[in-house]
Structures are given as C-alpha cells and as structure tokens.
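> sharing a model prediction with you, sequence too.
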Amino acid sequence: MPQENNAFAEYGTLCHALLEDWANGNKFSFELADAFAERFDTEVTHYFPPFPRDMGQRYYDAGLAYFHSFDGFGSQYEVVAVEERFELSIDGWPIVGVMDLVLKDKTTGRLVVIDHKSKSQKTMKQHMSIYRKQLYLYAAAVEQTYGVPPAQICFNLFRDNAMVIEEYDPAVMQSVKEWVLKIIRSIQADTKWEAKPSSYFCNYICSSAAHCPVQQGESPCM
C-alpha cells in the first residue's frame, strides 16, 4: 500500500543528503547552509506536530545554524566510505545496513565510524544504550571490510551541533552480538502481533496510518 512520509523523516533525509554531498566532494562546507535553505521548503513538505509550538521553525533554525558552522570533522581525517551498504553474518544470521560515514586518521590510520542523527542530546542520552547497538553493528562491518574495528564510534547530532564520541570496546561488541541473537529468538517465538497505538506516533510519524485498522477504529487482525 502507498505510504505517507513525515516531516521528521524528510528533515533527516535532507540533512543526510547534504552531509553526503560534502563527504563525496560534491559541495564545499561553506555551500551547505545555502543549499539547506534553498531545499528545505521543497523537500520538507509535511507539517511538524503542533506541539511543542513552532517545532518546524526550530528545526529549520537548528539545521541552518549547523550548516553555517559546519567545517568537516577535522583536517586530520580523510573520508574512506560514504553511505556504504554492508552485509555481515552473526552466527549465520544476515545483517544488512548502511553506514553514513567512515573516516581515517591520516597519521595513525585509526578508523572512525560516524552516524548522523537528528536526535537531541537529551534524547540520545536517555536512549544511548539502544542507539549504541546500531553503531556497534557498523563497527562489525568496518572490521569485516577493513580488517580492523574502528577506534571510535560517533553520533553526529546535527540538530544540536554536537558529537557523541566513544572509544570502541570489544566487550560491548560481544554483548551486542548476544543481543542480536536474543532479539532473533524472540521474533521466532512470536505467534501474534498486537497493535500498540500511540496518538503521537499514529498521527505524526507512522507511514501506514491511512491503511491501519487500529487507526480507523477497527479491530486489528491477529
């Protein structure tokens, strides 16, 4: 069925695209703010939620400020990979993803994996244990591709113009692999999928709300 986009996804997609253009050498850093301003109205076409007030304006202002100040991630790094799709296996289970950016220190050769996020620092801090797992799967892909894990894993919180940087920890990598297998076993054990509607999610985020029986007041199929 046709799916509907939302303002948050469109905003994130635009910011990712501009950072990708920079990383691929298609735009200089000083061109990004103008490009963001020119493309915002045509690419972020859905309304942001009405509460908190002026959310759309605040997202726009934050993005514009970020790209005005953006000057790369440090002259000591060179870009190794941009939006690189990977496939890896954990105990025979295929894992597929796309890494936003991999950098290499020109002097030491140390690798850094970066994921761009529109999350706020507050949200990231609250849910870091969840989001960290994503970066560690990227780290596994880096090690598979380049022979060594990244020295650092990072979230680029562009809306807050902040970086969350952690040193790679092999012990965490092992715990993430165990978590993946636990989630897979949980999925295999499920026999029914109950709807858990949320007013905010259903009205402003869900891409399938127009076709959802719960959203339409019907009983969900089990």
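Noted; the coordinates are in hand.
> which residues touch Gly56?
Taking C-beta atoms under 8 Å, 6 or more residues apart in numbering, we find Gly56 in contact with Ala7, Val44, Tyr47, Phe48. (C-beta placed from N, C-alpha, C; glycine too.)
> tell me how far it lies from Ser118.
Distance, Gly56 to Ser118, by C-beta to C-beta, to the nearest Å: 13 Å.
> got it, and Ser198?
Distance of Ser198 to Ser118, given as C-beta to C-beta: 19 Å.
> can you pull the contacts of Leu101?
Taking C-beta under 8 Å, 6+ apart as the criterion, Leu101 is in contact with Leu19, Ala23, Phe73, Val79, Ala81, Val82, Glu83, Val113, Ile114, Asp115, His116, Asn156.
> wait, a helix at Lys192?
No. Applying DSSP: H, G, I helix; E, B strand; the rest coil, one finds Lys192 to be coil, outside a helix.
> can you report how many residues neighbour it?
Neighbours of Lys192 under the rule other C-beta atoms under 10 Å: 7.
> element containing the closest residue to Glu43 other than its chain neighbours, please.
Spatial nearest neighbour of Glu43, excluding adjacent residues (C-beta to C-beta, 6 or more residues apart in numbering): Leu14 at 4.8 Å. For Leu14, the element it lies in under DSSP states H and E is helix 7-23.
> what is the helix or strand that that helix is followed by packed up against?
Next in sequence after helix 7-23, counting helices and strands by DSSP H and E, comes helix 32-43. Judged by 3 or more C-beta pairs under 8 Å, 6 or more residues apart in numbering; DSSP states H and E, helix 32-43 is in contact with helix 7-23, helix 55-69.
> would you confirm that Phe48 contacts Met55?
Yes. At 4.2 Å, Phe48 counts as touching Met55 under the criterion of C-beta atoms under 8 Å.
> need the winner for burial among the helices and strands packed on helix 32-43.
Mean neighbour count (mean count of other C-beta atoms under 10 Å) peaks for helix 7-23 among the helices and strands packed on helix 32-43, with a mean of 19.
> and that helix with helix 55-69, angle?
Here helix 7-23 points in a direction 10 degrees away from that of helix 55-69 (axes from the mean of the first three to the mean of the last three C-alpha atoms, to 10 degrees).
> which residues in the chain form helices?
Under the criterion DSSP state H, helices of the chain are mapped to 7-23, 32-43, 55-69, 121-126, 128-146, 170-189, 199-204.
> out of these, which comes closest to Leu88?
Comparison of the helices of the chain against Leu88 by C-beta to C-beta identifies helix 128-146 as nearest, at 5.3 Å.
> what pLDDT, on average, does stretch 9-28 get?
The pLDDT scores in stretch 9-28 average 98.
> hmm, who's touching that stretch?
The contact list for stretch 9-28 (C-beta under 8 Å, 6+ apart) reads 29, 32, 35-36, 39-40, 43-46, 59, 63, 66-67, 70, 72, 79, 82-83, 100-101, 116, 118, 156, 158-159.
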